[in-house]
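J.: This is the structure alone, sequence omitted:
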């Protein structure tokens, strides 16, 4: 007998606001956010998700919605889902939860997505010192392919995946998160730098009641007030998985997540049609609403059997990911290298962040010679299926990072050759220009004195 249709355990209605969904969504991590659904091991079930902003970004030619986005609301997640075995016994702390992604995609009737650069005063991005203006590109889906009227001349198959898959933390783990991130926030400006522009972005996003949604827990109740002041933001990946943004977690992949609370309390969201390694624009994948069809297994005592703590407690572990067999195939790539020397010519010591920044900037400057603005290329490299690598991390003083771009996504040959450089893409789909706002802040903008444009 053929297997039954996957059971829909969490539906969403795109005509409703995130806080109006039934079952309710949440946008924080906390052990006391109650489960909204229960599944058994071996059961194939379906979870639907709004896009990570809850429908705040519109399919139009304005970037004002990006510039003014309230980042306290993100990410809207579907869950938590309680996982039990076939005898009804829940996953327990110390187990591993094996989550298999059997199928996924955009929600029918909502086959579009967006990629954006945040304003430098409101989120920023990896290259925010070079690109401070809020900017947006809309993408439309043709089956497995995506194209954008705002970045003409490119079309590529998406490696669709969830940006966030995670389990609920225990109270002990949540306390560890909050203490270490608060220390970073309080002392980091004096002790740490990232590409010399760390001051322009938050060092950490600490618990905040603003924009907090806790599922079934009613806003304003004493329980909500307590949990909202403790609950962790969903922005970084942590020991529970969470916002890891691993682009290869597509059909056939498995995630082996540590279990910290009874039932595991699995949550997911932040669906991406496609993403480049690093998601460098920050809002840099092709963000969309979507669905996952999942199947779970419980590996009893799996944390002790398979995970080695890298820290002072047994909770300092990380998930394991198994990449699936389905992904786009490209045979030709153009690869850009970066080393630990910044735009001013200053030498850094084995700094992979500086090296990757240089690789991305090299790629942006190169591709801007083919008829694109640098903002268009920045958005493209954040969401197309490009491959980032740390190629060298031991040869002092330079770390070496590379960014490989599949040549076939362009409608022109982008390889260096004898003769003149082509002037631009041949394929133009009624190009309306790139939606962009002005930058109204006063932070200094980094300029490469030798840039081509």
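T.: Received, thanks. What you see is a predicted model; the values in this text were computed from it and never measured.
J.: what's the helix or strand for residue 367?
T.: Applying DSSP states H and E as the criterion places residue 367 in helix 352-367.
J.: Need the contact partners of that helix.
T.: 126-127, 130, 194-195, 278, 280, 336-343, 348, 374, 377-378, 380-381, 388, 390, 393, 398-403, 405, 414, 448, 451-453 (Cβ atoms under 8 Å, 6 or more residues apart in numbering). To be clear about C-beta, it is placed using only N, CA and C from the backbone, and glycine gets the same treatment.
J.: ok, and what's touching the helix or strand just after that helix?
T.: Counting by DSSP H and E, the element after helix 352-367 in chain order, helix or strand, is helix 374-383. Identification of contacts with helix 374-383 by Cβ under 8 Å, 6+ apart yields 115-117, 127, 130-131, 133, 135, 137, 139, 150-151, 154, 274-276, 278-281, 284-286, 360, 363-365, 367-368, 372, 403, 405, 434, 436, 453.
J.: Just the buried subset of those residues, please.
T.: 115-117, 127, 130-131, 133, 135, 137, 139, 150-151, 154, 274-276, 278-281, 284-286, 360, 363-365, 367-368, 372, 403, 405, 434, 436 (16 or more other Cβ atoms under 10 Å).
J.: Now, those that are in helices?
T.: Counted as lying in helices by DSSP state H, out of the buried ones among the contacts of helix 374-383, are 360, 363, 364, 365, 367.
J.: Local confidence estimate at the second one?
T.: Looking at residue 363, its pLDDT stands at 98.
J.: ok, the nearest residue to it once chain neighbours are set aside - how many residues close by?
T.: Counting by Cβ to Cβ, 6 or more residues apart in numbering, residue 363 lies nearest to residue 336, which is 4.2 Å off, once chain neighbours are set aside. Neighbours of residue 336 under the rule other Cβ atoms under 10 Å: 21.
J.: Residue 337 now?
T.: Burial measure for residue 337: 16 neighbouring residues, criterion other Cβ under 10 Å.
J.: Kindly state the beta-bridge partners for it.
T.: residue 402 (DSSP bridges).
J.: Show the contacting residues for it.
T.: Residues in contact with residue 337 (Cβ under 8 Å, 6+ apart) are 358, 359, 362, 391, 400, 401, 402.
J.: quick one: which of these is most hemmed in?
T.: Within these, most neighbours by other Cβ under 10 Å means residue 401, with 27 neighbours.
J.: Can you show me the helices along the stretch 1-150 of the chain?
T.: Under the criterion DSSP state H, counting those that start in this stretch, the stretch 1-150 of the chain carries helices at the ranges 64-67.
J.: one step back: could you list which of the contacts of helix 374-383 belong to strands?
T.: 115, 116, 117, 135, 137, 139, 284, 285, 286, 403, 405 (DSSP state E).
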